[in-house]
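Enquirer: Here you go, sequence then predicted model.
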Amino acid sequence: MANRLYYGDNFAVLRESIADESVDLVYLDPPFNSNAGYNVLFKAPAGQKSEAQIEAFEDTWHWTNSAARAYDYVIHSKHTDAATMLKAMRSFLGENDMMAYLAMMAARLIELHRVLRPTGSLYLHCDPTASHYLKVLMDSIFKEFFQSELIWKRTSAHNSAKRWGPVHDVILFYTKSETFTWNSVYQDYSVKYIEAFYRHDDGDRRKFRLGDLTGAGIRKGESGAVWKGVDPTAKGRHWAPPRQFPGGDKLPKSTLAALDELDRIGRIFWPPSDGVPCFKRYLEDMKGRPAQDVIDDVFPLSARDRERLGYPTQKPLSLLQRIIEASSDPGDVVLDPFCGCGTTVHAAQKLERQWIGIDITHLAVSLIERRLKDAFPGIRFEVHGTPKDIGGARDLAARDKYQFQWWAVSLVDAVPQGGKKKGMDRGIDGLRWVRASPKDGDFEKVLVSVKGGENVGAAMVRDFKGTIEREGAVGGMFVTLAEPTREMTREAAAAGFFETSFGRHPKIQILTIAGLLAGQKPELPSPARGEGFKQAPKETGIEKQSKLKF
């Protein structure tokens, strides 16, 4: 099975493209119904904010025909318990924004339950505004197979005038059956814990804590025998040499012989006064603290974090690695139906899992493609739902002009500019920074204008030329779905050239969608990768959770 990235509504993609019981692990981080508009901020190479923002998605939900259709799907599904619960919620909430959100989520949760293997797991990341409703919904779909409610401390502090500071998210962990994949993962011990318990060290500074060599209760035979002058039964105990340490499985089966061997290799601590000897449990032998349901050692991404790509809801890679490592095995299939900037698929690739990602914006799909290619040079994966030919491009332009613009801009290795509000783009649909010379910081900007209609003419090229001059850009790319007229070509040629240390380049280039799909490249210097989406750090290999530093 090839790794796959889908552009489209995840409900439709799940129903049409994901087979029953084909996925081992689902992680989803859907919009939280927080009534917030999220923007992706693009920055110039010098670090300043871009002149415009792109509206990646609006985290708003309303009772519309889409919500009503989702509700109807659940009511008529085979999940009668989910239908009953959703009816009760509608009776209680009415047809408000929260109900719209829950109806949309219920339909998707039913489909996610369908695609999970019997041994599969699902993690739903949400916040306290809707987690209680979502938990009840999931109880009705996943029955009694609730496993954990994880609390992730996503920020250190939050000012709130009349309530406790909201600093956490909720992650609900469900499985499809009582038999599911589980691998114990470990967190690093805190410095405070090490100082409190690992108070001893050998001459070579190997820290250790004291562990029992005995167990409760008196037993006969070797377990209750006197060893080196110590009688365990005097304290109501018996000998029980530990074997859960490196090499412990090779100890002699005989209890007394095992104690002799432990003493010989220096694993027994003898107290200075009379007392029961103890086992030396070295810090270096310990895997760490078993991961708990309160996650306070995975910190949110700071503005300067190398991992941060500029996506507003980006989660730390280490958080997803912990989840994936715990609930899947190498080769398993991991699905993220709201994959955003692709942290889940990145973590899955790093841990040698197969993956499927779905997002409803071309902006996210473009970002994920860049991220994966930067982090894993030579990676191969399939992208579905984006136009592959001129017919598909026309269809996208007719359905959603903004998604068409964002997709077309990605074909020329630029980043989108402007949003969905009329007049917001000022005639600029994209921006690409190029190097003017090998000198650090010497960049120039090239604008992108996208036309998805059939009626294009020379006047548009002249207007674009004026925009280029107004914005102080060195050039522009006029990307058109229709074939350019002869007058348009002449107008572009009349604009002349601009020069860099890398040569002369047309001031205005007319590029057709058909040509770009066929492999045509703009005549420009190499792009400055400091622009727009940040470059994801190159991965160097698998890093197990127990070795991660948070």
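Expert: Okay, I see it. Numbering: from 1, shown residues only.
Enquirer: Every contact and neighbour count from this point should use C-alpha atoms.
Expert: Noted.
Enquirer: tell me the contacts of the nearest residue to Cys126 once chain neighbours are set aside?
Expert: Of all residues not flanking Cys126 in the chain, Val170 sits nearest, at 5.3 Å (C-alpha to C-alpha, 6 or more residues apart in numbering). Neighbouring residues of Val170 by C-alpha atoms under 8 Å, 6 or more residues apart in numbering: His125, Cys126, Asp127, Pro128, Ser131, Glu149, Leu150, Ile151, Trp152.
Enquirer: Dig out what the closest residue to the fifth one other than its chain neighbours forms beta bridges with.
Expert: In space, Ser131 comes closest to Val170 once its chain neighbours are excluded; the distance is 6.9 Å by C-alpha to C-alpha, 6+ apart. Val170 forms beta bridges with Cys126, Ile151, as assigned by DSSP bridges.
Enquirer: what does the model give Val170 for pLDDT?
Expert: With respect to pLDDT, Val170 scores 94.
Enquirer: And for the one 4 residues further on?
Expert: Note for Tyr174: predicted pLDDT of 98.
Enquirer: Tell me the buried residues in the helix or strand encompassing Leu134?
Expert: Here Leu134, judged by DSSP states H and E, is contained in helix 131-142. For helix 131-142, burial by neighbour count (16 or more other C-alpha atoms under 10 Å) applies to Ser131, Leu134, Lys135, Leu137, Met138, Asp139, Ser140, Ile141, Phe142.
Enquirer: what's near enough to touch the fourth one?
Expert: So the one you mean is Leu137. Taking C-alpha under 8 Å, 6+ apart as the test, what Leu137 contacts is Ala82, Met85, Leu86, Ala106.
Enquirer: any chance of the residues you listed in JSON lines, plus neighbour count, distance to Ile268 and pLDDT?
Expert: Shown next, in JSON lines, are the contacts of Leu137 (neighbours: other C-alpha atoms under 10 Å; distance: C-alpha to C-alpha, whole Å; pLDDT from 0 to 100):
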{"residue": "Ala82", "neighbour count": "25", "distance to Ile268": "58", "pLDDT": "96"}
{"residue": "Met85", "neighbour count": "19", "distance to Ile268": "59", "pLDDT": "96"}
{"residue": "Leu86", "neighbour count": "23", "distance to Ile268": "61", "pLDDT": "97"}
{"residue": "Ala106", "neighbour count": "25", "distance to Ile268": "58", "pLDDT": "97"}
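Enquirer: Pass me the low-pLDDT residue ranges in the protein, would you?
Expert: Low-confidence segments of the chain, defined by pLDDT under 70: 1, 33-60, 418-425, 526-534, 541-550.
Enquirer: let's see 50
Expert: Scanning the chain for pLDDT under 50 picks out 35, 51-53, 530-531, 545-550.
Enquirer: Nearest the geometric middle of it, what residue?
Expert: Nearest residue to the geometric centre of the chain (C-alpha atoms, centre = their mean): Thr343, 2.3 Å.
Enquirer: Would you enumerate the residues in contact with that one?
Expert: By C-alpha under 8 Å, 6+ apart, the contact set of Thr343 is Gln314, Lys315, Pro316, Leu317, Leu320.
Enquirer: So which of the residues you listed is the closest to Leu411?
Expert: Gln314 (24.1 Å; C-alpha to C-alpha).
Enquirer: State whether Leu320 is indeed within a helix.
Expert: Yes - per DSSP: H, G, I helix; E, B strand; the rest coil, Leu320 lies within a helix segment.
Enquirer: re the thing from before, kindly indicate which of the contacts of Thr343 lies nearest Arg281.
Expert: Using C-alpha to C-alpha, Leu320 is the member of those that sits closest to Arg281, with 30.9 Å.
Enquirer: Quick check: that closest one vs Ser17, distance?
Expert: Separation of Leu320 from Ser17 (C-alpha to C-alpha, to the nearest Å) stands at 24 Å.
Enquirer: So between those two, which is more surrounded?
Expert: Shown here are Leu320 and Ser17; by other C-alpha atoms under 10 Å, Leu320 has more neighbours (18 against 11).
Enquirer: isn't the more buried one right next to Thr344, touching?
Expert: Yes - with contact defined as C-alpha atoms under 8 Å, Leu320 counts as touching Thr344 (6.0 Å).
Enquirer: Where does Arg394 fall, secondary structure wise?
Expert: helix 390-399.
Enquirer: Off-centre distance for that helix?
Expert: Per C-alpha atoms, centre = their mean, to the nearest Å, the displacement of helix 390-399 from the mean C-alpha position of its chain is 29 Å.
Enquirer: Kindly report the same for stretch 313-324.
Expert: In terms of C-alpha atoms, centre = their mean, the centre of stretch 313-324 is set 6 Å apart from its chain centre.
Enquirer: what about dumping the CA coordinates of that stretch to CSV?
Expert: Below are the C-alpha coordinates for stretch 313-324, written out as CSV (Å, rounded to 0.1, in the frame of the first residue of the first chain):
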residue,chain,number,x,y,z
THR,A,313,-2.4,24.7,15.1
GLN,A,314,0.8,22.7,14.5
LYS,A,315,1.4,20.1,17.1
PRO,A,316,4.9,19.0,18.3
LEU,A,317,6.3,16.0,16.4
SER,A,318,7.2,14.3,19.7
LEU,A,319,3.5,14.3,20.8
LEU,A,320,2.5,12.4,17.6
GLN,A,321,5.5,10.1,17.9
ARG,A,322,4.5,9.1,21.4
ILE,A,323,1.0,8.2,20.2
ILE,A,324,2.1,6.4,17.1
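Enquirer: Can you mark which positions in that stretch are buried?
Expert: Neighbour count says stretch 313-324 has Gln314, Lys315, Pro316, Leu317, Ser318, Leu319, Leu320, Gln321, Arg322, Ile323, Ile324 buried, by 16+ other C-alpha under 10 Å.
Enquirer: Which one of those is nearest to Trp227?
Expert: Minimum distance to Trp227 across the buried residues of stretch 313-324 is 44.4 Å, recorded for Arg322 (C-alpha to C-alpha).
Enquirer: Distance check, the closest one against Phe464.
Expert: From Arg322 across to Phe464, the span is 49 Å (C-alpha to C-alpha).
Enquirer: just to revisit the earlier point, among the contacts of Thr343, which one sits closest to Leu511?
Expert: Each of these was scored against Leu511 by C-alpha to C-alpha, and Gln314 proved nearest at 33.4 Å.
Enquirer: Excluding residues flanking it in the chain, which one is nearest the closest one?
Expert: Excluding the flanking residues, the one nearest Gln314 by C-alpha to C-alpha, 6+ apart is Cys341, at 6.6 Å.
Enquirer: name the element the one you found belongs to?
Expert: Counting by DSSP H and E, no helix or strand carries Cys341.
Enquirer: Just give me the neighbour total for Gly452.
Expert: Gly452, neighbours per other C-alpha under 10 Å, totals 21.
Enquirer: Look up the closest residue to it, ignoring the ones flanking it.
Expert: Distances taken as C-alpha to C-alpha, 6+ apart place Leu481 nearest to Gly452, at 5.2 Å, with adjacent residues excluded.
Enquirer: Touching, the one you found and Leu516? I think so.
Expert: No - between Leu481 and Leu516 there is no contact under C-alpha under 8 Å: 10.2 Å.
Enquirer: Which one of these two is surrounded by more residues?
Expert: Taking neighbours as other C-alpha under 10 Å, Leu481 and Leu516 compare with Leu481 leading, 22 against 15.
Enquirer: show me where the stretch 101-250 of the chain has helices.
Expert: All helices of the stretch 101-250 of the chain, identified by DSSP state H, counting those that start in this stretch, fall at 131-142, 191-197.
Enquirer: Great, nothing more from me.
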